[in-house]
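Visitor: Quick one: sequence plus predicted model below, questions after.
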Amino acid sequence: MLIDFHVHAFAEKIASRAMEQIAAQAELIPETDGTVAGLRRRLKEWGVDRGVILPIATKPTQQTIINDWAAGQQDDALFCYGSIHPDAPDVLEELERIRSLGLHGIKLHPDYQGYFADEPRMLPIYRRCAQLGLPVLFHAGYDPVSPTVRHASPDALARVAEAVPEMTLIAAHLGGVLQWDEAERSLVGRRNVYLDTAFASHYISPAQVERIIRKHGTERILFASDCPWDSPAKILEILNGISLTPAERAQICAENALRLLELD
């Protein structure tokens, strides 16, 4: 089984516009058309059995609409995280609703949402996520929307992991795009932290990918692509270059995801 724990899609009416904007800003050629139907088709072509859609509420007014949309996309092949915006007045109540909708966690992108991951005001949100059993997946490291400021650096996420050890924290992009040395120093090896492999065919060397996976432990690595901005096939090619046992490969490709999705 192969589960891609980090994919993106948009509602049909905004998919084309959203893809054009993000692709131009990131200077990337997308692997899908941005729709859920397009995502399903491409995942099937790549041999991916299940995907986890990670929406982002970029405005406080979006969180309810986005979470309702996400809940409506779920089936046996696609699972969804919800999103909250820290500036929404009903953010804690929305966490309760996310749980009641059957969404599987929270996706946060501090660069798009305009805050720093380790701000003290976020701690009650993180603690409530932990109480509700909602893992929190952060975009980590560089993002072209905020090229000079890192809103969720590996050091910041390490401070969050220390402040709220009861929360399951997932640091995307192996701990931080273009900040992998920092991730190795401060984030890799923490027991309450998972790392995903999203976007790992860009910028990072295969040798450092392998080193991070080995240091962190295969039981806390999630196969992920960041589709449509990277492809599962490229991530698999990198993993195929690492000497993984069948058990280790099964952990990365499916078992860890099943555990976090509460499907094991």
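Guide: Okay, I see it. Numbering: from 1, shown residues only.

Visitor: Report the distance from stretch 162-180 to the chain centre.
Guide: From the chain centre to the centre of stretch 162-180 is a distance of 10 Å (Cα atoms, centre = their mean, to the nearest Å).

Visitor: May I see the buried residues of that stretch?
Guide: For stretch 162-180, the neighbour count (16 or more other Cβ atoms under 10 Å) marks 164, 167-177, 179-180 as buried. To be clear about C-beta, it is placed using only N, CA and C from the backbone, and glycine gets the same treatment.

Visitor: One more: stretch 12-26?
Guide: In stretch 12-26, counting by 16+ other Cβ under 10 Å, buried: 15, 19, 22.

Visitor: coming back round to it: from the buried residues of stretch 162-180, which land in strands?
Guide: 169-171 (DSSP state E).

Visitor: which ones are touching residue 165?
Guide: Residues near residue 165 by Cβ atoms under 8 Å, 6 or more residues apart in numbering: residue 192.

Visitor: ditto for the one 10 residues further on
Guide: With contact taken as Cβ under 8 Å, 6+ apart, residue 175 is in contact with 140-141, 154, 157, 182-184, 187-188, 195, 212.

Visitor: can you check residue 77 too?
Guide: Each residue near residue 77 by Cβ under 8 Å, 6+ apart is listed here: 40, 43, 49-51.

Visitor: Residue 230 touches residue 204, doesn't it?
Guide: No: with contact defined as Cβ atoms under 8 Å, residue 230 does not reach residue 204; the gap is 11.4 Å.

Visitor: Between these two, which is the more surrounded one?
Guide: Neighbour tally, residue 230 and residue 204, criterion other Cβ atoms under 10 Å: the higher count belongs to residue 230, 23 against 18.

Visitor: That one is in what secondary structure piece?
Guide: Per DSSP states H and E: residue 230 is located in neither a helix nor a strand.

Visitor: could you check the distance from it over to residue 124?
Guide: Residue 230 is 34 Å from residue 124, where distance means Cβ to Cβ, to the nearest Å.

Visitor: Count the residues that sit near residue 186.
Guide: For residue 186, the number of neighbouring residues by other Cβ under 10 Å comes to 21.
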